[in-house]
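# Pasting the sequence and the predicted coordinates here, then a few questions.
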Amino acid sequence: MNDIDTLYNLPDDVMIYIIAFLSVPDILLLRQICKWFNALTRLHIIWTNAYKLDIISNDYPIPVDDTDLEQRTRHAYQLATRWRADPPLISASETSFTGSPLSEIKNLVGTDDLGYHARGAQVLGVVAKRHTVQWGEAEHGYRVRGEHRCGVGWRIALLHLDDDGALHEIHSFDIDLHPVTLTGDIIALIDNFSKTLIYNWKTDEQACLDEGGDMQYGHCIQVIFTALTVLVIRARSTNFYTTLPFLHGQTHSPVTSHSFGWVAGASATSSSVLIRSKIDNSWITRFDLFKLISSFLPTFTSENPCRRGTLQCTDVILWKRGTAVWIRTHDPAMAFPSEEHYGHETLMAAVFPGTLNPTARPRVREVCSNPLNNWTALDYDEELGRIALGSGFGKITIVQL
């Protein structure tokens, strides 16, 4: 009696227990042996075990709203394997289509439908062409549109995206500040100098963040909410505030302030902040990762120098498991026939030490390039492994890792 015959004689519940010790690729190989294994490996309990033992226990990124547990588990395992492998990181697929010129783009969190993402991207493009901005927290189906109105300031409209891809206005207000961040019911609004307003659009409560200081070069890069802090990141300074549990019209002073140098882009998770900064060398920009600890003092973790030059999109996007994306500038001075790619903008992907990088140093890899050098917008969803890129000419590219 061979090993396969021995397995055939085992009860189903024993085989289910044994399969729980197999990796996702091994389960799929077992499926190909015979009809019995094919049927057995399609049971929900098999993929419940694989999901818990291979994905959750390793803290791999996984889509939150995919009802097909097997597909969800296989996708998460494959994506994590690609991140953990040595370079290169080549995109699994790229999809492009043309819309209106746009300045910002957002993935719609919670759906794996490419068309759904594309519709959202095109809405952003049409609005951008009309000199408005639109962005927001897609996980709750909300969008904020800000339209500049002469003599009034901004008309801020909160939009809801329904299942058919249609936008419906659910709240609006006029204000002399423009929106930068939407988190749940909370909107952060700023001016071009030193004023930051935290506003709850449902309750109409608000609080002001007092930044003070010399804001001559302090245009706001980002307002970031973490579990413990609110970060107001400006070009030359960053202020840290405790998370605001109540908004009763008070003015809050920063717990501490910090300078990351001259900031060109920033992104943060609950425990880390990634800074794209300019340094004295006119040919180099630098990406610095800092840990956010309870004392509110950012602790330097690692740095990665990168070529510096003219970019229309200086965004950098960091997710909680340490993966990040950004656009690297082209370098026309090095565009020799044998080095043509140096003359192209390049989409870069990095993974910092942690769950998806078992080494002690960050891994930074090229994903794809753009010979037209006209990318104007970038967004990234770690759980789907999907990157959205928009251009000033209206071309939208969806990159699947």
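Received it, and whenever you're ready, just let me know what you need. Numbering: from 1, shown residues only.
# per-residue confidence for residue 131?
Reading off the confidence values, residue 131 has pLDDT 33.
# what does residue 2 give?
60.
# burial count for the residue lying closest to residue 12 once chain neighbours are set aside?
The spatial neighbour of residue 12 that comes closest, neighbours along the chain excluded (Cβ to Cβ, 6 or more residues apart in numbering), is residue 40 at 6.8 Å. Every residue, glycine included, has its C-beta placed from N, CA and C. Using other Cβ atoms under 10 Å, residue 40 is surrounded by 18 other residues.
# Phi and psi next, for residue 40.
Geometry field for residue 40 lists phi and psi as phi -60, psi -40, criterion degrees, to the nearest 10.
# who's in contact with it?
12, 15, 16, 19, 46 (Cβ atoms under 8 Å, 6 or more residues apart in numbering).
# Ranking by neighbours, what's the top pick from these?
Most crowded among the contacts of residue 40, counting by other Cβ under 10 Å, is residue 46 at 22 neighbours.
# where's that one, which helix or strand?
Here residue 46, judged by DSSP states H and E, is contained in helix 44-50.
# Buried residues, that helix. List them.
46, 47, 49, 50 (16 or more other Cβ atoms under 10 Å).
# what's the answer for stretch 366-386, then?
Here stretch 366-386 shows 366-370, 373, 375-386 as buried, counting by 16+ other Cβ under 10 Å.
# do stretch 167-178 as well
Buried, per 16+ other Cβ under 10 Å, within stretch 167-178: 167, 175, 177, 178.
# Could you count how many residues lie near the residue nearest to the third one when sequence neighbours are not counted?
Right, the one you point to is residue 177. Of all residues not flanking residue 177 in the chain, residue 189 sits nearest, at 3.8 Å (Cβ to Cβ, 6+ apart). For residue 189, the tally of surrounding residues (other Cβ under 10 Å) stands at 23.
# contacting residues for residue 189?
156, 175, 177, 178, 179, 180, 196, 197, 199.
# same thing with residue 354?
Contacts for residue 354 (Cβ under 8 Å, 6+ apart) come out as 321, 322.
# Turn the buried residues of helix 44-50 into CSV, including distance to residue 273 and pLDDT.
As requested, the buried residues of helix 44-50 are arranged in CSV below (distance: Cβ to Cβ, whole Å; pLDDT from 0 to 100):
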residue, distance to residue 273, pLDDT
46, 40, 96
47, 36, 96
49, 37, 96
50, 34, 96
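# quick one on the thing from earlier: the helix holding residue 46 - contacts with which helices or strands?
The helices and strands touching helix 44-50, judged by 3 or more Cβ pairs under 8 Å, 6 or more residues apart in numbering; DSSP states H and E, are helix 12-19, helix 24-31, helix 69-84.
# Show me what counts as buried in the last one.
If you call a residue buried by 16+ other Cβ under 10 Å, then helix 69-84 has these buried ones: 70, 72, 73, 74, 75, 76, 77, 79, 80, 82, 83, 84.
# how close does the residue lying closest to the third one once chain neighbours are set aside sit to residue 189?
Across the structure, with Cβ to Cβ, 6+ apart as the measure, the residue nearest residue 73 apart from its sequence neighbours is residue 51 (4.7 Å). Residue 51 sits 40 Å away from residue 189, taking Cβ to Cβ, to the nearest Å as the criterion.
# Same question for residue 377.
21 Å.
# now the end-to-end length of stretch 81-91.
Distance across stretch 81-91, first residue to last, is 13 Å (Cα to Cα, to the nearest Å).
# starting at the chain centroid, how far to it?
On the basis of Cα atoms, centre = their mean, to the nearest Å, stretch 81-91 sits 18 Å off its chain's mean C-alpha point.
# Can you list the neighbours in contact with it?
Stretch 81-91 is contacted by residues 92, 323, 349, 351, 356-358, 363, 365-368, 385, 399-401 when judged by Cβ under 8 Å, 6+ apart.
# SS state for residue 95?
Recorded secondary structure, residue 95: strand (DSSP: H, G, I helix; E, B strand; the rest coil).
# Surely it and residue 398 touch.
Yes - Residue 95 is within contact range of residue 398, at 4.5 Å (criterion: Cβ atoms under 8 Å).
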